[in-house]
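Asks: got a sequence here, can you model it:
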Amino acid sequence: MRVLVIGGDGYCGWATALYLSNHGHDVGILDSLVRRHWDNELCINTLTPIAPIQQRLQRWKDLTGKSIDLFIGDLCNYEFLQKAMLQFQPDAVVHFGEQRSAPFSMIDREHAVLTQANNVIGTLNLLYVMHEHFPNSHLVKLGTMGEYGTPNIDIEEGYITIEHNGRKDTLPYPKQPGSFYHLSKVHDSHNIHFACKIWGLRATDLNQGIVYGVLTDETGMDELLINRLDYDGVFGTALNRFCIQAAIGHPLTVYGKGGQTRGFLDIRDTVRCVEIAINNPANAGEFRVFNQFTELFSIGDIATMVQKAGAKLDLSIEVNHLDNPRVELEEHYFNAKNTRLIDLGLDPHYLSDSLLDSLLNFAVKYKERVNEKEILPRVKWKG
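Replies: Residues are numbered from 1 along each chain as shown. Purely as a prediction, here's the structure:
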């Protein structure tokens, strides 16, 4: 198919674009490159050295003979988006093009407004282009498990059947987002659901857990294709951060009690889940929700696993329980369903000692690039 990957310069988007290209799809990347600007604004760097997008794509073509089209511009600019999509003519649109950090959205009013304006308006623009020009294309949108929060009941995949006062209905699962970023994703979900209902669009919302790892078959082919790996307190995610902290001898930064339980998945499964969604499109008028994770762990469990894996590599790793900068339950019930992608053929990569060894060794390789001042959290939910 012709697949446009919006946000294809980012962590999940880059790996997905190369994977889809390598598996026979005609791929285009649309990206404003603003993620690189935010690194500069916050004075942080990815652990890995990231080449300019044009250089990355040229190296991909040199190695594989496959071309990936590039459209540089802002999703919030409707005229640009419409022109790019009319030029590319996508069969499917994979939408990663959003500000994806909860801490970034909680820095201050300006960053909260930026996050919600960028995410919600960009997605609305995309829905209108699809309605007006590509009504049969399939939107595959990256959501987040963080939309659900931590309810004291099982988390279903997008919808829940309830009975109230003798009547029964299947309704969207209640949302309890934990940041202005997560709220923006809830707004997206509502807007996409509404667009499917009134315009007959087809969409799949992938409520993704915390992604770990850096290498896929494609990003590991060459140094110029390497993916970003964030370790800072704003954009870094739990397992990746812990492995990098372990590599430089920094105590692991567990927030509060560490009982926060979340869904996790390997980045190799992220790209496969997107492909599965593309190959099995939603019906016209259907807004599907898949919970995209493979395992559930508490943050304390993850820290212990990294500690044990590091010991095998002669890394002495301490665990520090920090005052939690977030407002969240630190011990709670959490049982989420994730059967729909597996039913469609996902064969998961489970977190193993060998994967942890690989990630730790990767972190050790690039540890000289780490700025220790950026490891501790600097954004507090209460300001």
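Asks: which ones are touching Leu81?
Replies: Residues near Leu81 by CB atoms under 8 Å, 6 or more residues apart in numbering: Leu30, Gly73, Leu75, Asn125, Leu126, Val129. Just so you know, the C-beta spots here come from the backbone N, C-alpha and C atoms, and that holds for glycine as well.
Asks: quick one: what helix or strand has it in it?
Replies: When elements are defined using DSSP states H and E, Leu81 is found to belong to helix 78-88.
Asks: same check, this time on Arg35
Replies: According to DSSP H and E, Arg35 maps onto helix 34-42.
Asks: let me see the mean pLDDT of that helix.
Replies: With pLDDT averaged residue by residue, helix 34-42 scores 97.
Asks: next, count neighbours for the residue lying closest to Gln89 once chain neighbours are set aside.
Replies: Closest residue in space to Gln89, ignoring its immediate chain neighbours: Arg2 at 6.0 Å, by CB to CB, 6 or more residues apart in numbering. With neighbours defined by other CB atoms under 10 Å, the count for Arg2 comes to 15.
Asks: which residues touch the helix or strand hosting Gly310?
Replies: The secondary structure element spanning Gly310 is helix 299-312 (assigned by DSSP H and E). The contact list for helix 299-312 (CB under 8 Å, 6+ apart) reads 238-239, 242-243, 246, 252, 254-255, 257-262, 264, 297, 316-317, 319, 351, 353, 356-357, 360.
Asks: just to revisit the earlier point, how far is the helix holding Arg35 from where the chain is centred?
Replies: Here helix 34-42 shows a centroid-to-chain-centroid distance of 17 Å under the convention CA atoms, centre = their mean, to the nearest Å.
Asks: dump the helix or strand just after that helix to PDB, restricted to CA.
Replies: With elements assigned by DSSP H and E, the helix or strand that comes after helix 34-42 is helix 53-64. Taking C-alpha atoms only, helix 53-64 is exported to PDB below (Å, rounded to 0.1, in the frame of the first residue of the first chain):
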ATOM      1  CA  ILE A  53      16.400  13.300   8.100                       C
ATOM      2  CA  GLN A  54      17.500  13.800   4.500                       C
ATOM      3  CA  GLN A  55      20.800  12.000   5.200                       C
ATOM      4  CA  ARG A  56      19.000   9.100   6.900                       C
ATOM      5  CA  LEU A  57      16.700   8.600   3.900                       C
ATOM      6  CA  GLN A  58      19.500   8.800   1.400                       C
ATOM      7  CA  ARG A  59      21.400   6.100   3.400                       C
ATOM      8  CA  TRP A  60      18.300   3.900   3.400                       C
ATOM      9  CA  LYS A  61      18.000   4.300  -0.400                       C
ATOM     10  CA  ASP A  62      21.700   3.500  -0.800                       C
ATOM     11  CA  LEU A  63      21.400   0.300   1.300                       C
ATOM     12  CA  THR A  64      18.100  -1.000   0.000                       C
END
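Asks: direction included, what does the very next helix or strand once past helix 53-64 pair up with?
Replies: Tracing the chain past helix 53-64, the next element assigned as helix or strand by DSSP H and E is strand 69-72. Each strand that strand 69-72 pairs with, and the sense of that pairing, follows from DSSP bridges: strand 26-31 (parallel).
Asks: what's the mean pLDDT across the strand it pairs with?
Replies: 99.
Asks: equivalent analysis for stretch 149-164, please.
Replies: The pLDDT scores in stretch 149-164 average 98.
Asks: and stretch 91-109, by the same measure?
Replies: Taken as a whole, stretch 91-109 has an average pLDDT of 98.
Asks: okay, it in CSV with CA atoms only?
Replies: The C-alpha atoms that make up stretch 91-109 are tabulated as CSV, following Å, rounded to 0.1, in the frame of the first residue of the first chain:
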residue,chain,number,x,y,z
ASP,A,91,-4.1,4.3,1.1
ALA,A,92,-3.3,4.4,4.8
VAL,A,93,-2.1,7.1,7.2
VAL,A,94,-0.1,6.3,10.3
HIS,A,95,-0.3,9.2,12.7
PHE,A,96,2.5,9.6,15.2
GLY,A,97,2.8,13.3,14.6
GLU,A,98,2.1,14.6,18.1
GLN,A,99,3.9,16.0,21.2
ARG,A,100,4.1,12.7,23.1
SER,A,101,5.6,13.6,26.6
ALA,A,102,3.5,14.0,29.7
PRO,A,103,6.2,15.9,31.6
PHE,A,104,6.6,18.3,28.6
SER,A,105,2.9,19.1,28.7
MET,A,106,3.1,19.8,32.5
ILE,A,107,6.1,22.3,32.4
ASP,A,108,3.8,25.3,32.4
ARG,A,109,0.8,26.9,30.7
